[in-house]
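Participant: Give me coordinates for this.
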Amino acid sequence: MKRSEINALMEEALRFFAKQGFHLPPFAFWTPEEWQRKGPEADEIRRNRLGWDLTDFGSGDFHRVGLLLFTLRNGNVKDPANRKPYAEKIMIVEEGQVTPWHFHQTKIEDIINRGGGELVLELANATEEGKLADTPVTVSTDGVERTVEARGKIVLQPGESITIPQRLYHTFYGREGGGKVLVGEVSSINDDQTDNYFLESVGRFPAIEEDVPPLYLLCFEYPTA
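Facilitator: Here you go, the predicted model:
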């Protein structure tokens with residue numbers, strides 16, 4: 001992806017957050033120059049990869065297969081004291097923009113429609129071999145148990161949520177014609193490096209063509225203290 005494209009997506013995201021009345025923490029707006037001056041006081045942000053994140057999953061077409069997200073808080077699987085065993089993200093999902101089939105071996109998460117359009121999720125149990133099972137799927141949506149067929153769909157309206165347990169395959173996208181969706185995620189510790197199991201091989205972090213300076217750094221670009 002080009003840096004100019006990433007910058008534009010961030011600016012567009014900020015407008016959408018503002019429209020939805022969602023506010024980011026101060027470090028969301030630290031410039032690359034400010035990051036150069038940050039010392040060990042910001043190590044939690046660096047260590048736990050808080051902040052801006054986006055990916056096209058190696059598709060080369062972000063608006064078709066991609067996701068923009070911001071990690072607000074997160075623990076660390078390498079923290080022996082387990083001082084923060086939870087995480088929270090805010091995401092923007094466009095109409096028809098797919099996050100590919102995947103499950104988590106360790107993380108359990110609630111996916112929440114915080115506003116905007118409708119969020120469509122497709123669900124399937126994972127087989128022992130890591131494939132899509134043909135068995136029915138039972139999940140909790142806002143405390144109410146629901147069962148759908150394998151690869152069945154659940155549509156979340158604004159305010160609704162779903163709990164995704166370990167080893168439950170899921171893919172999601174914004175319903176066509178409904179506009180962008182503001183999506184929240186509340187979960188146990190998020191570890192993108194070891195706990196994302198995709199049905200098909202995908203790229204996680206984009207290769208970036210530096211055609212312009214970055215507006216804000218992505219969560220894997222912070223300079224060390």
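Participant: burial of the spatially closest residue to L72 that is not a sequence neighbour, as a residue count?
Facilitator: For L72, ignoring the flanking residues on the chain, the nearest one in space by CB to CB, 6 or more residues apart in numbering is E88 at 4.6 Å. C-beta: built from backbone N, CA, C; applies to glycine. By other CB atoms under 10 Å, the residues close to E88 number 17.
Participant: Also the one 10 residues further on?
Facilitator: Close neighbours of V98, defined as other CB under 10 Å, add up to 19.
Participant: mind checking pLDDT for it?
Facilitator: Per-residue pLDDT puts V98 at 98.
Participant: swap in Q193?
Facilitator: Looking at Q193, the pLDDT reads 88.
Participant: State the helix or strand in which it lies.
Facilitator: Secondary structure from DSSP states H and E places Q193 outside every helix and strand.
Participant: which residues in the chain form strands?
Facilitator: Applying DSSP state E to the chain gives strands spanning 51-55, 67-74, 87-93, 99-103, 109-116, 119-125, 137-141, 144-148, 152-156, 161-164, 168-174, 181-187, 197-198.
Participant: could you dump the ones you listed to CSV with distance to A42?
Facilitator: Output for those, formatted as CSV (distance: least, CB to CB, whole Å):
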stretch, distance to A42
strand 51-55, 10
strand 67-74, 14
strand 87-93, 18
strand 99-103, 29
strand 109-116, 26
strand 119-125, 32
strand 137-141, 36
strand 144-148, 41
strand 152-156, 34
strand 161-164, 31
strand 168-174, 32
strand 181-187, 23
strand 197-198, 31
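Participant: Which pLDDT value does the model give the most centrally placed residue in the chain?
Facilitator: For the chain, the residue nearest the mean C-alpha position is L69 (4.9 Å; CA atoms, centre = their mean). pLDDT, L69: 98.
Participant: Nearest spatial neighbour of it, chain-adjacent residues omitted?
Facilitator: M91 (4.2 Å).
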